[in-house]
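>>> Just to be clear, the model below is a prediction. Sequence and coordinates:
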Amino acid sequence: MEERQQSAHYVREAGCHREIIALDRVSFAFGTQQVLDDVNFAVQERDFVGLIGANGAGKTTLLRMIVGLTKPQRGEIRLFGTPAARFRDWHLIGYVPQRNHFNPLFPATVREVVTSGLYGRRKLLRRLTKADMDRAADALDTLDIPDLADKRIGELSGGQQQRVFLARALINNPKLLILDEPTVGIDMETQLNFFQLIKHMHQHHDITFLMVSHDLEMIRGYLGERPKATSGKLSFFVRHSHDLEDCAETDLVHTLRKEG
Ligand SMILES: Nc1ncnc2c1ncn2[C@@H]1O[C@H](COP(=O)(O)OP(=O)(O)OP(=O)(O)O)[C@@H](O)[C@H]1O
């Protein structure tokens, strides 16, 4: 509990350049295959980080470690200043998984998928409140898909599904959004629209992005030609979005309402 309070305090007090993720000599091997070897990198608040690397470079392994599913064998990961092993504020992190991990026959509506992102075990066990439903409606409005709320997720196009998963990741108003190859399997025009949307969110809201991608061309225009750091076959491309006068802005929905 004390840890949680410290972490929440850390976020409230943070300026625009605080450390959101720290990778400190992180290493991982599958058997004799060394996948990650002494990876050092820091993600600062309001960075947009593109993590690029060939197949098998270790991108997914690194993401799994950041979201707490796999432990580094050596080194340390810190999230919002707290060692990952003691981190409890998972509502601060939104995660958009690869779409190919999704079963298209899953019998849920868009609204159900989005509310399933509400953080906390209690939310899973009890009925949704009016406030929960309002949050889902806000997230769907933000992604410009309120008319899809009652549709079955499996009957949507790839690009629409991707917006639904982004709405699900945004429902807790996260500070860090992690996207795992979000545009794989969707057509070029929809990819461009999706990318415009997350660029807009990066520029106008207090959200830090970590996006894994194969598609260097696609994000090069936004993150620049040269990586800020490399490690093995991984390259970290970074763009800052730090208008200092915007540092106080924290609430995505609040901001959207003001803008709307
Ligand atoms: N559970 C596992 N057991 C053994 N080896 C694994 C396991 N998971 C991944 N690997 C191996 O570790 C390496 C890194 O895999 P990882 O999925 O992290 O790469 P990636 O960069 O995400 O690749 P891709 O772009 O293909 O998704 C690969 O060589 C993979 O075969």
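Thanks, I have the structure now.
>>> Model confidence score at the nearest residue to Val164 once chain neighbours are set aside, please.
Spatial nearest neighbour of Val164, chain neighbours left out: Val110 (5.2 Å); criterion: Cβ to Cβ, 6 or more residues apart in numbering. Just so you know, the C-beta spots here come from the backbone N, C-alpha and C atoms, and that holds for glycine as well. pLDDT, Val110: 94.
>>> What residues does Val110 make contact with?
For Val110, the contacting residues are Leu140, Ile145, Leu148, Ala149, Asp150, Lys151, Arg152, Ile153, Leu156, Val164, by Cβ atoms under 8 Å, 6 or more residues apart in numbering.
>>> Narrow the residues you listed to those that are buried.
Leu140, Ile145, Leu148, Ala149, Arg152, Ile153, Leu156, Val164 (16 or more other Cβ atoms under 10 Å).
>>> May I ask which two of these are separated the most?
Distance extremes for the buried ones among the contacts of Val110: the farthest pair is Leu140 and Arg152 at 15.1 Å, using Cβ to Cβ.
>>> Quick check: end-to-end length of stretch 104-119?
23 Å (Cα to Cα, to the nearest Å).
>>> which parts of that stretch are buried?
Val110, Arg111, Glu112, Val113, Val114, Thr115, Gly117, Leu118, Tyr119.
>>> if you skip the residues just before and after it, what's nearest to the fourth one?
Leaving aside its sequence neighbours, Val113 sits nearest to Ile153 (Cβ to Cβ, 6+ apart; 5.2 Å).
>>> what's whatever helix or strand Leu197 lives in packed up against?
Using DSSP states H and E, Leu197 sits in helix 188-204. In terms of contacts (3 or more Cβ pairs under 8 Å, 6 or more residues apart in numbering; DSSP states H and E), helix 188-204 is packed against helix 158-170, strand 176-180, strand 208-213, helix 216-223, helix 252-259.
>>> Packing partners of the first one?
Right, helix 158-170. On a contact count with 3+ Cβ pairs under 8 Å, 6+ apart, helix 158-170 meets strand 93-96, helix 110-115, helix 130-142, helix 188-204.
>>> which residues touch it?
Contacts of helix 158-170 (Cβ under 8 Å, 6+ apart): 94-97, 99, 102, 110, 113-114, 116-117, 136, 139-140, 142-145, 148, 153, 156, 177, 182-183, 185-187, 190-191, 193-194, 197-198, 252.
>>> tilt between it and helix 130-142?
For helix 158-170 against helix 130-142, the angle by axes from the mean of the first three to the mean of the last three Cα atoms, to 10 degrees is 140 degrees.
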